[in-house]
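S.K.: sequence? don't have it. structure:
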């Protein structure tokens, strides 16, 4: 037997206190494991059992697993509980303190397991979400800022909840979050520390994939919106709020996305019919009836925006490392935030280029729909986006040429449609082509090259259309943010 003070009659807490001293875990791992051991100890006491090692056998473990399912724990959570106990029992089995490991024999299955929590949207669907967020905000439903930040950053909901006004950096044009171990789960730490002696308490609180410093760039229109949105707020105020004006916590982001889906018809909301059909449309009457929500195949969750942005960025040509950086899957340990930003400048440049292209595409599409009733074929345009992205990386002013090209393409397509409807079929079918990157010196000076060849006019014999970037098409109607 190895050198240990633990015996089969030791309590689970005593066994864990000694076990963890031999492990090189982060504070977060220690916290999770200790919480699971406490949960098991309390469960055994509720069952009338002394929480000691020798009272746990395979029959007990099977009952324990079944009771967790009855209590509503997901298979994933049960597996986490099992992994903690299995790890500790393996340790003491090797030391000869106990014989066997009943947790290792337990097989936990999930008959309802799905491959993904949500689906990824295509470029047209993402645009519909973008537009719906503006439409809902105009009608007084507070969804715009949380939806756009989630859409362009792919942040986890837990990270969105931690953002404050201070997180908005106008100097770096993005979101900065600095992990604060003193504020991280303070209540839970106090609960767990009561089981430790003073000398055994751990003061390290290491960042992990979900709790760490990060910086994510934002596209220009969203940065401008955030600047206006936070103008009269305090630095420590929460940045994002739910539908009822309270800080974003728990399931509030899910409710926001549900509202967007409902607006788009991707969720059908119905109410049970009362026995008396009179006044069934009355608001008070609806409040008394059960709401029935039916999700269509287009329904998605906040996590679906992570799938969506990473998928679209990959199709655009953004490097895998930059996508990992965006999703918080970076292989690099994070040190000082400024060093972190400088060392990953290449990835930030890639992400920023992709963001500004998508934002410009969506803004232009909304302008054309709102002002001229012209609908862009986003799927067709997206086929050319990899070329647009490549050129944008070479010259940041290329985006102006891209927007000008989108407008010319839209009116050329409209021109062709009118000719066909009038019976004049001399105009051949054409598709959107990414504009070439012309004289870069001129583009740098003027924002774009104004006298570049115009493929649509040349091909179709059209006259030049006036489009002055210094007097752009009016933006979508001004957005009013309702905080309270």
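M.R.: Cool, got the structure. For clarity, every value in this text was computed on a predicted model and none was experimentally measured. Numbering: from 1, shown residues only.
S.K.: low-scoring stretches of the stretch 1-150 of the chain, by residue?
M.R.: 1-2, 110-117 (pLDDT under 70).
S.K.: what about 80?
M.R.: 1-3, 26-28, 109-118 (pLDDT under 80).
S.K.: now the helices: where do they sit in it?
M.R.: 12-21, 27-46, 58-70, 75-94, 123-138, 144-153 (DSSP state H, counting those that start in this stretch).
S.K.: hey, which of those is tucked in deepest?
M.R.: Comparing those by mean neighbour count (mean count of other C-beta atoms under 10 Å), helix 144-153 comes out on top with a mean of 24. For glycine as for every other residue, the C-beta is placed from the backbone atoms N, C-alpha and C.
S.K.: re earlier: got CSV for the helices of the stretch 1-150 of the chain, with distance to residue 268 too?
M.R.: Output for the helices of the stretch 1-150 of the chain, formatted as CSV (distance: least, C-beta to C-beta, whole Å):
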stretch, distance to residue 268
helix 12-21, 48
helix 27-46, 39
helix 58-70, 31
helix 75-94, 29
helix 123-138, 16
helix 144-153, 20
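S.K.: how about the ones you listed, which one is nearest residue 416?
M.R.: helix 123-138 (20.9 Å; C-beta to C-beta).
S.K.: quick one, phi/psi of residue 240?
M.R.: Main-chain dihedrals, residue 240, degrees, to the nearest 10: phi -110, psi 140.
S.K.: nearest spatial neighbour of it, skipping sequence neighbours?
M.R.: The spatially closest residue to residue 240, leaving aside those adjacent along the chain, is residue 248, at 4.1 Å (C-beta to C-beta, 6 or more residues apart in numbering).
S.K.: how close does the one you found get to residue 163?
M.R.: Plainly put, residue 248 is 8 Å away from residue 163 if you go by C-beta to C-beta, to the nearest Å.
S.K.: what sits in contact with each of the two?
M.R.: Residues touching both residue 248 and residue 163 by C-beta atoms under 8 Å, 6 or more residues apart in numbering: 238, 240.
S.K.: I figured the residue nearest to residue 240 was touching residue 254, is that so?
M.R.: No - the pair residue 248 and residue 254 fails to qualify as a contact (C-beta atoms under 8 Å) at a distance of 10.5 Å.
S.K.: neighbour-wise, which of those two wins?
M.R.: residue 248 (20 against 14; other C-beta atoms under 10 Å).
S.K.: Can you read off the pLDDT for the more buried one?
M.R.: Residue 248 carries a pLDDT score of 89 in this model.
S.K.: Next, work out how far apart it and residue 176 are.
M.R.: Distance from residue 248 to residue 176, by C-beta to C-beta: 18 Å.
S.K.: And for residue 20?
M.R.: Taking C-beta to C-beta as the measure, residue 20 falls 34 Å from residue 176.
S.K.: wait, what's in contact with the closest residue in space to residue 146 that isn't next to it in sequence?
M.R.: Among residues not flanking residue 146 along the chain, residue 240 sits closest, at 4.7 Å (C-beta to C-beta, 6+ apart). Contacts for residue 240 (C-beta under 8 Å, 6+ apart) come out as 145-146, 149, 160-161, 163, 247-248, 253.
S.K.: Please verify my assumption that residue 384 contacts residue 436.
M.R.: No - under the criterion of C-beta under 8 Å, residue 384 makes no contact with residue 436, lying 11.7 Å away.
S.K.: longest helix anywhere in the protein?
M.R.: Across the chain, the longest stretch assigned as helix under DSSP state H is helix 345-372.
S.K.: pLDDT score assigned to residue 460?
M.R.: 35.
S.K.: that older thread, so for residue 370, which of the helices of the stretch 1-150 of the chain sits nearest?
M.R.: Using C-beta to C-beta, the helices of the stretch 1-150 of the chain put helix 123-138 closest to residue 370, at 9.4 Å.
S.K.: Now do that closest one against helix 345-372, angle only.
M.R.: 70 degrees (axes from the mean of the first three to the mean of the last three C-alpha atoms, to 10 degrees).
S.K.: Output the contacting helices and strands for helix 123-138.
M.R.: Helix 123-138 sits against helix 144-153, helix 252-264, helix 302-316, helix 345-372, helix 378-382, with contacts defined as 3 or more C-beta pairs under 8 Å, 6 or more residues apart in numbering; DSSP states H and E.
S.K.: Report the buried residues of the host helix or strand of residue 419.
M.R.: Element membership for residue 419, per DSSP states H and E: helix 398-421. Neighbour-count burial for helix 398-421, counted by 16 or more other C-beta atoms under 10 Å, picks out 398-413, 416.
S.K.: Quick one: mean pLDDT over that helix.
M.R.: 89.
S.K.: just stretch 219-233 next, same as before
M.R.: 95.
S.K.: Now residue 8: closest residue in space that isn't a chain neighbour?
M.R.: Using C-beta to C-beta, 6+ apart, the nearest residue to residue 8 is residue 54, at 4.0 Å.
S.K.: Then residue 393?
M.R.: Residue 393's closest residue in space is residue 353 (C-beta to C-beta, 6+ apart), at 5.2 Å.
S.K.: same deal with residue 151?
M.R.: Using C-beta to C-beta, 6+ apart, the closest residue to residue 151 is residue 305 (5.5 Å).
S.K.: Now do the same contact list for that neighbour.
M.R.: So residue 305 contacts 121, 150-151, 154 (C-beta under 8 Å, 6+ apart).
S.K.: Can I get the residues you listed in JSON lines including distance to residue 266?
M.R.: Shown next, in JSON lines, are the contacts of residue 305 (distance: C-beta to C-beta, whole Å):
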{"residue": "121", "distance to residue 266": "10"}
{"residue": "150", "distance to residue 266": "16"}
{"residue": "151", "distance to residue 266": "15"}
{"residue": "154", "distance to residue 266": "20"}
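S.K.: mind checking pLDDT for residue 214?
M.R.: Each residue has a pLDDT score; the one for residue 214 is 79.
S.K.: and it, bridged to which residues?
M.R.: residue 177 (DSSP bridges).
S.K.: Compute the distance between it and residue 95, please.
M.R.: Noted for residue 214: a distance of 41 Å to residue 95, by C-beta to C-beta.
S.K.: Counting neighbours, go ahead and name the busier of those two.
M.R.: Set residue 214 next to residue 95 and count neighbours by other C-beta under 10 Å: residue 214 wins out with 23 against 14.
S.K.: Test my guess that the more buried one contacts residue 159.
M.R.: Yes - Residue 214 sits in contact with residue 159 when judged by C-beta under 8 Å, with a separation of 7.4 Å.
S.K.: Need the overlap of contacts for these two.
M.R.: 177, 328.
S.K.: For the residue nearest to residue 240, list the residues it contacts.
M.R.: 146, 160-161, 238, 240-242.
S.K.: Mind picking the one among these that's closest to residue 221?
M.R.: Residue 221 lies nearest to residue 146 out of the contacts of residue 248, by C-beta to C-beta, at 16.0 Å.
S.K.: Next, work out how far apart that closest one and residue 306 are.
M.R.: 14 Å.
S.K.: try residue 47
M.R.: Residue 47 is 40 Å from residue 306, by C-beta to C-beta.
S.K.: Looking at the two, which one has more neighbours?
M.R.: Neighbours were counted for residue 47 and for residue 306 using other C-beta under 10 Å; residue 306 has more, 22 against 13.
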